[in-house]
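Asker: Model the following, please.
(one chain, ligands or ions: 1)
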Amino acid sequence: MNLYKYVSDAINETLGTTVNLEVPRNRDFGDFSTNAAMVMAKSAGKNPRELAAEIAPKLAELDFVADASIAGPGFINIKLKDDFIWQCATKPQSPRTDTPQTIDLDYGAYNVAKSLHIGHLRTSIVGDTFNRIARLLGHKTYSWNHIGDWGKPMALVIAWIERLHPELPYFSDNFTPGIPVDFDIEPSELNKYYPLASSFAKENPEFQAHAQDIKAKFQNGHAGYFALYEKFLAISMKMMQETVSRLNILPFDYDLGERNAAQYLDDVEKILRAKDLIVESDGAQVIIVKRDTDNKPMPPYMWADSRGADTYDSTDLAAVYCRKKIDNPNKIIYFTDLRQGLHFEQLFRACELSEIFDYNNLEHIGYGTINGRDGKPFKTRDGNAAGLDDIIDAVNVAVRERVSESGKTLDEETIRAIALAAVKFNDLMHDVRSDYIFDPASVTSFEGRTGPYILYTAVRLNSVLKRATFDENASYMPLTPDERNLLIGVLDFERTVQSAFDNRATDMIANYTYDLAQDINTFYHNCPILRDDVAPDVRAGRLHIVNVARDTLAMAIDLMGLKIPNEM
Ligand code: ARG
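Answerer: Numbering: from 1, shown residues only. All right, here's what the predicted structure looks like:
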């Protein structure tokens, strides 16, 4: 249960007003504290301490309160009864929302013919964890992998292949679909084409213009280009899946991106034209999204470029239209690099103007950059922009080194699970909006705020439980400070999940997990369990505590998409 909410509601009801309830770091004096008397004293025209002396006895009468004492200028510290904590904590924690919604989540959004890069790490990890949080709360979510499979990169890759193999039949306007073509692309080569073509185009205006023509023709159904595209699309999607699977994220509900959205462009254009929203600007078709109240530049939204080709903008608007039609969500939330903030503001305004979707129910969660130790965007050792595979590989190597230094032998699956936890936890524990430093050596440490530390704690609890059986119905009192601290931590899980959802703050889950792991380890050190001199009822009680702590920790770990190894 959500202990905080329970206590807070009861206090509010008793006092007939909404008070501020704090959870003190140090619980020696109370499990909760409130400044209610200090706030209420003003309107009551009373001295805060005097008022606190009137309020405290009322709170002490609540059936779950053991003690309500006054401190300082009028704070009231509330200590809960042990049996109440015990009863609440020994039931499974299961956060549920009272207001389930249908939510479309747009994350991942990888690109065809481009390998996944470091920027895709955060959208995948944060998006997936947010999805798991929403689902645990009982929301209906649909995850959309809005693949970049329709834009200029496709045309550049086609143009590049044409440059390498002009003899292939794909480039003819009379290509017959379905004819067998003896041509294969080496997967490791494919991802080089786009960067090569793109830098070549910068220096060769002719090639650039040709690529633009290809883009327009391709989007208008050129059979040869399309056949070639389908060939590299399949290879690219397979490579994408392989990399993504290393992150252990839930399967996407839809792997449908720009190309899928493009089918809806005609419908959307009708809506836009009917509302007179498309205007001509320098040969392009745009939607003016600027408002009189803007004090920052707000460029027009690009509906079609000067060659009439579809754009990132137009397919994104069409994607909203499509989602509305298919899922009819209450909200759509996008997870991308925060540098796309302007694009999304424009998109949301275009949705509002066209009445395709309610502006207030569109959200963009923009995340910061992953930097190296030098504070600049993380690069591989050879100085190249890091790919997602490079990051995961580097962390696997670091884990393997650390494990062998410690003299342990762990199998590859365990190494992978530790590396996964190291990468994901480190990402999740930072506020999404801020940049962070990525250092394979520090994220793999088994101590401190790291994924391996969290896993280690879970493995430790599992190993205790493997060695003993416990009585489901044990009741155990009184609780030691470390025991009650841990159980109160367990009882903060539901509130944390709810707040993480409400605040779109996946870091709350990661940091909660770390605090819980610390409470677990303190308890573990100070409260012997299986030792011979421990009395049977104490052992039974503590095993019960271990069990609920393990279950809660495992739920939190699952929200982050980590895997608990058998040993560490
Ligand atoms: N494919 C884009 C990228 O890699 C992100 C797409 C995000 N989603 C969207 N609906 N625009 O940068």
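
Asker: what stretches of the protein score poorly on pLDDT?
Answerer: For the chain, not a single residue meets the criterion pLDDT under 70.

Asker: Spatially central residue for it, please.
Answerer: Per CA atoms, centre = their mean, the C-alpha nearest to the average position across the chain is that of Val126, at 1.7 Å.

Asker: Are we agreed that that one is in a helix?
Answerer: Yes: using DSSP: H, G, I helix; E, B strand; the rest coil, the assignment for Val126 is a helix.

Asker: residues from the stretch 1-150 of the chain in reach of the ligand?
Answerer: Asp106, Ala109, Asn111, His146, Gly148 (CB under 6 Å from any ligand atom). Bear in mind the C-beta positions are built from the backbone N, C-alpha and C, glycine included.

Asker: Farthest-apart pair in the residues you listed, please.
Answerer: Asp106 and Asn111 (14.1 Å; CB to CB).

Asker: Looking at those two, which has the bigger crowd around it?
Answerer: Set side by side, Asp106 and Asn111 show more neighbours around Asp106, with 26 against 20, by other CB atoms under 10 Å.

Asker: and the more buried one, what is it in contact with?
Answerer: With contacts defined as CB atoms under 8 Å, 6 or more residues apart in numbering, Asp106 is in contact with Gly127, Trp144, His146, Ala319, Ile332, Ile333, Tyr334, Phe335.

Asker: One more: Phe32?
Answerer: Phe32 neighbours (CB under 8 Å, 6+ apart): Tyr4, Val7, Leu21, Glu22, Val23, Pro24, Asn77, Ile78, Leu80.

Asker: Got a ChimeraX select line for the buried ones in these?
Answerer: Applying 16 or more other CB atoms under 10 Å to the contacts of Phe32 leaves a buried subset, and the ChimeraX line that selects it is:
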select :4,7,21,23,77,78,80
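
Asker: roughly how far out does the helix or strand where Tyr6 lies sit from the chain middle?
Answerer: If you go by DSSP states H and E, Tyr6 is part of helix 3-15. Chain-centre distance of helix 3-15: 31 Å, with CA atoms, centre = their mean, to the nearest Å.

Asker: Output the contacting helices and strands for it.
Answerer: Here helix 3-15 touches strand 21-22, strand 32-34, helix 36-44, helix 48-60, strand 75-80, helix 493-502, going by 3 or more CB pairs under 8 Å, 6 or more residues apart in numbering; DSSP states H and E.

Asker: Just the angle for that helix relative to helix 36-44, thanks.
Answerer: Relative orientation of helix 3-15 versus helix 36-44 (axes from the mean of the first three to the mean of the last three CA atoms, to 10 degrees): 30 degrees.

Asker: List the buried residues of helix 3-15.
Answerer: Leu3, Tyr4, Tyr6, Val7, Ser8, Ile11, Leu15.

Asker: now stretch 31-46
Answerer: Asp31, Phe32, Ser33, Thr34, Asn35, Ala36, Ala37, Met38, Val39, Met40, Ala41.

Asker: repeat for stretch 170-183
Answerer: Tyr170, Phe171, Phe175.

Asker: With stretch 227-243 instead?
Answerer: Neighbour-count burial for stretch 227-243 [16+ other CB under 10 Å]: Ala227, Leu228, Tyr229, Lys231, Phe232, Leu233, Ile235, Ser236, Met239, Met240, Thr243.

Asker: Tell me where the stretch 51-200 of the chain has strands.
Answerer: Secondary structure of the stretch 51-200 of the chain by DSSP state E, counting those that start in this stretch: the strands cover 65-71, 75-80, 102-106, 140-144.

Asker: how about the residues of the chain near the ligand?
Answerer: Checking the chain against the ligand by CB under 6 Å from any ligand atom, the hits are Asp106, Ala109, Asn111, His146, Gly148, Asp316, Ala319, Tyr334, Thr336.
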